[in-house]
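Peer 1: please find the sequence and the predicted model below.
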Amino acid sequence: MTLLITNARIASENSPDLVSGDVLISDGKIQQIGSGLTAPEGARVIDARSRILAPGMFDAHVHFREPGFEAKETIASGTEAAINGGITGVVMMPNTRPAIDSATVVANVLDIAKRTARIPVYTSGCVTKDRHGKEMAGIDGMRALGVVMLTDDGDTTGDPAILLRAMQYATEFGMFFASHCEVPELAGPRALNEGLVSYRLGIKGSPACAEEIIIDRDIRLAHAAGAHIHIQHVSSKLGMETIRWWKQRGDVKVTAEVSPHHLLFTDEHIGDFDTNYKMNPPLRTRADNEGLLQGLIDGVFDLIATDHAPHTPFEKSQDFVSAPNGITGMDTALVSLYHHFVATGKFGWDLIVKRYSAEPRRLLGLPAVSIEVGQPADFILFDTEAETTFTKDFMKSKSQNTPFIDQTLKGRVDLVVLGTEILLER
Amino acid sequence: MARKDLLDISALDREEIEHLLDQSIPFKELFTRSVKKVPALKGKSVLMLFYEPSTRTHSSFEVAAKRLSADVTNFDVAHSSIAKGESVRETVETLQAMRTDYIIVRHKASGLPGTIARLTKASVINAGDGAHAHPTQGLLDAFTIKEKFPDPAGKKVLIIGDILHSRVARSTSTILKKLGVDVAYLGPGSLVPRTGPENIRRFTDYKEAMAWSPDVVYLLRVQMERQDVQYFPSLREYHKLYGINDARLDEIRKRGLYLMHPGPVNRGVELCDAVMDYERSLINDQVENGIAVRMAVLYWLKPGGES
């Protein structure tokens, strides 16, 4: 496939300025960038009409439910949701059934991905067997199959002693740890911020300190073990400040992620028990939104990740306490970030490319992709003038448990190209 | 205007509340007659769906429905397929197929009556969901207070006890605030949320709360069974700090304060034996008024199946 994209505005992680130009792609690589490029014979020409040409996004925190919960999502449907949202690579979390805690399950997941997914799928592995926090998982076997991220995501590894020893053990193999942070005795199973909303709804809340304590604990453990710790889906401003403090010390390798929903929504959005605003860690306050956004702009957060967590309509139609935690995110993430932050001038495309494309790849030890000559073709076209309405039909995820359901936002992913294939074209 | 469901007091406006309280008066008058029954809901069916044990609220609703001539069915949760793991959704679809007109539901999960209401055409009355709401309790408390203070605006009600786990505190304070009553909470610091409604004063010291000069002292049942972890050292210590003992009862009597309690009481915890004979105790009035306001609610709601 030879493709000439003309009149694009090219985004990069290095500058907020978009560079106008034409891009010639063949053999799965970017061959030429310039203005007034002429199309080789047989080339397909796409007039970008000033649409944004950006590297494909990469989501380092997704729940694909296969094996075990295929009614919610499969690797096939999940990766299609990714493509739908302009994402060309993902990292699965290991809370499947069976949990991804051994070479056998990793091999199974990667095999399913190879057969059913059109984008690269990476998987994390459990720190402990079945995420129970008791015995270490089969770390070396998973490493041999390419796993680099260890996490009991969905839960904190409760026993700090086992986490410390796992860190001392696996760090030697070049692996790193990702932490879902909450003190279970303080947080309980409720996934609702403690505050006026939890009072009003009559559900005991989970205080932000339940999360902040483990953020600090796990960084300290990594500090002691010389490990690399990645803090997942931070929801509180004080949690962000904790990470900032450790990063400023500079004597422990700590990275962190923030999700679009924690930047955008508060517990007030739950309204009358709307389970599409129920996730863990929970939505907190406007001050937390603002603190997290500042943390993202300042680079306290290395990356944006959705924590894409599909659940069936039946599960989410239960009462708020019984409904499972989590919302989907991949179909909506990029458009929602554009609509709420880029279009409003809060940050530029450089931040999106850096935090949702380049840095998440680097976290996994992968090369970042960019729109430069010699780079692999891995990019999207994004129309800032168009809109997207997130109807049930629009979503490619099997589940539609998202606050954005039926909302219309500015921006649309028009084209996704990976290697020699056009994965999506609107 | 009538509603399909009664899920939470906060959904009702002042006019609706006044209407329901006014409508309760003739129903209460009925109780002094030899025949206490009216044919208002003849031919209608009321289904009692109580996932939590309850004697008072359950029988109060049952009496209310029967005095309106409705047919009452008890859905036996303990012996039904619910005990076998059937989801609420399937249960409600079953009830929908039975063409029940009213479902009265109590459940430990906050918000569950609303979930049921969305799934059925029947009118759903929340008879208590978790720590969220107990709207008919709020109505009966407001009715009881209005009997003593026909214009309750500016009066002060002190609610004492486990606010954190109490749907009664939430619904009763909400309705009283809507009627212009001043409300304060008193209880252990661990059971009175620091982040509560701005318009409700928070006390943790009995003397300070009494210095606020309440007109009504409302005691909550201290519910050890809803507490997942310990919130105060012992019931003995609770009684010492917040319970109405003989000395405190003397002061309450001297000041002529009314005393309320949603029942059932814990003697020796939130109150002492002598409180039960206190002449300004409204506890029995609350029970009687509960039937009247529940009749008014049943009469007022309009199930969705009707045109």
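Peer 2: Okay, I see it. Numbers count the residues shown, from 1 in each chain, chains lettered A, B, ... in the order given.
Peer 1: neighbours of whatever residue of the stretch 1-150 of chain A ends up closest to chain B, just the number please.
Peer 2: Using Cβ to the nearest Cβ, the single residue of the stretch 1-150 of chain A nearest to chain B is A:Ala71, 14.7 Å away. In this view, the C-beta of every residue, glycine as well, is placed from N, C-alpha and C. A:Ala71 has 14 neighbouring residues, counting by other Cβ atoms under 10 Å in any protein chain shown.
Peer 1: closest point of the stretch 201-350 of chain A to chain B, which residue?
Peer 2: A:Gly202 (3.1 Å).
Peer 1: tell me the contacts of that residue?
Peer 2: By Cβ atoms under 8 Å, 6 or more residues apart in numbering or on different chains, A:Gly202 lies in contact with B:Ser110, B:Asp129, B:Gly130, B:Ala131, B:His132, B:Ala133, B:Arg167, B:Arg170.
Peer 1: just put the residues you listed in a markdown table and tack on distance to B:Thr195, pLDDT and secondary structure.
Peer 2: Below are the contacts of A:Gly202 laid out as a markdown table (distance: Cβ to Cβ, whole Å; pLDDT from 0 to 100; DSSP: H, G, I helix; E, B strand; the rest coil):
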| residue | distance to B:Thr195 | pLDDT | secondary structure |
| --- | --- | --- | --- |
| B:Ser110 | 17 | 94 | coil |
| B:Asp129 | 21 | 96 | strand |
| B:Gly130 | 18 | 94 | coil |
| B:Ala131 | 15 | 94 | coil |
| B:His132 | 16 | 97 | coil |
| B:Ala133 | 18 | 98 | strand |
| B:Arg167 | 18 | 96 | helix |
| B:Arg170 | 14 | 98 | helix |
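Peer 1: what's the residue of the stretch 201-350 of chain A closest to chain B sitting at in phi/psi?
Peer 2: In terms of degrees, to the nearest 10, the main-chain angles of A:Gly202 are phi 70, psi 30.
Peer 1: in stretch A:196-206, what counts as buried?
Peer 2: A:Leu196, A:Val197, A:Ser198, A:Tyr199, A:Arg200, A:Leu201, A:Gly202, A:Ile203, A:Lys204, A:Gly205, A:Ser206 (16 or more other Cβ atoms under 10 Å in any protein chain shown).
Peer 1: ok, stretch A:326-345 next?
Peer 2: Quick answer for stretch A:326-345 (16+ other Cβ under 10 Å): A:326-342.
Peer 1: again, but for stretch B:198-216
Peer 2: B:Ile200, B:Arg201, B:Arg202, B:Phe203, B:Thr204, B:Tyr206, B:Ala209, B:Met210, B:Pro214, B:Asp215, B:Val216.
Peer 1: can you put those residues in CSV and add distance to chain A, pLDDT and secondary structure?
Peer 2: Listed next are the buried residues of stretch B:198-216 as CSV, based on distance: Cβ to the nearest Cβ, whole Å; pLDDT from 0 to 100; DSSP: H, G, I helix; E, B strand; the rest coil:
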residue, distance to chain A, pLDDT, secondary structure
B:Ile200, 10, 97, coil
B:Arg201, 15, 97, strand
B:Arg202, 11, 97, strand
B:Phe203, 16, 98, strand
B:Thr204, 16, 97, coil
B:Tyr206, 22, 98, helix
B:Ala209, 19, 98, helix
B:Met210, 24, 98, helix
B:Pro214, 21, 98, coil
B:Asp215, 25, 98, coil
B:Val216, 22, 98, strand
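Peer 1: out of the contacts of A:Gly202, which touch chain A?
Peer 2: Among these, the residues lying close to chain A (Cβ under 8 Å from any Cβ of the partner chain) are B:Ser110, B:Asp129, B:Gly130, B:Ala131, B:His132, B:Ala133, B:Arg167, B:Arg170.
Peer 1: next to chain B, which bits of chain A? Give me the list.
Peer 2: Residues of chain A lying near chain B by Cβ under 8 Å from any Cβ: A:185, A:188, A:194-196, A:199-204, A:272-273, A:314, A:317-322.
Peer 1: enumerate every residue touching A:Gly36.
Peer 2: Counting by Cβ under 8 Å, 6+ apart, A:Gly36 touches A:Asp22.
Peer 1: quickly note the distance from it to A:Arg9.
Peer 2: 16 Å (Cβ to Cβ, to the nearest Å).
Peer 1: quick one: name the residues of the stretch 1-150 of chain B near chain A.
Peer 2: Selection of the stretch 1-150 of chain B residues close to chain A by Cβ under 8 Å from any Cβ yields B:87-89, B:107, B:109-112, B:114-115, B:129-133.
Peer 1: which residues of the chain score low on pLDDT?
Peer 2: Let's take chain A. Residue ranges of chain A with pLDDT under 70: A:189.
Peer 1: the chain in question should be chain B.
Peer 2: Under the criterion pLDDT under 70, the flagged ranges of chain B are B:1, B:78-85, B:223-228, B:305-307.
Peer 1: helix or strand for the most centrally placed residue in it, which one?
Peer 2: Closest residue to the average C-alpha location of chain B: B:Gln137 at 2.0 Å, with Cα atoms, centre = their mean. For B:Gln137, the host element (DSSP states H and E) is helix B:135-148.
Peer 1: how about the next helix or strand after that helix and chain A, touching?
Peer 2: Elements were assigned by DSSP H and E; along the chain past helix B:135-148, the next helix or strand is strand B:156-160. No: shown here: strand B:156-160 not in contact with chain A (Cβ under 8 Å from any Cβ), separated by at least 13.7 Å.
Peer 1: which residues in the stretch 251-400 of chain A form strands?
Peer 2: Ranges of strands within the stretch 251-400 of chain A are A:253-258, A:303-304, A:378-389, based on DSSP state E, counting those that start in this stretch.
Peer 1: so what are the domain limits for chain A?
Peer 2: Following automatic domain parsing, one finds the domains of chain A at A:2-53+A:373-425, A:57-363.
Peer 1: can you tell me which of the ones you listed is most buried?
Peer 2: Mean neighbours per residue, mean count of other Cβ atoms under 10 Å in any protein chain shown, is largest over these for domain A:57-363, with a mean of 21.
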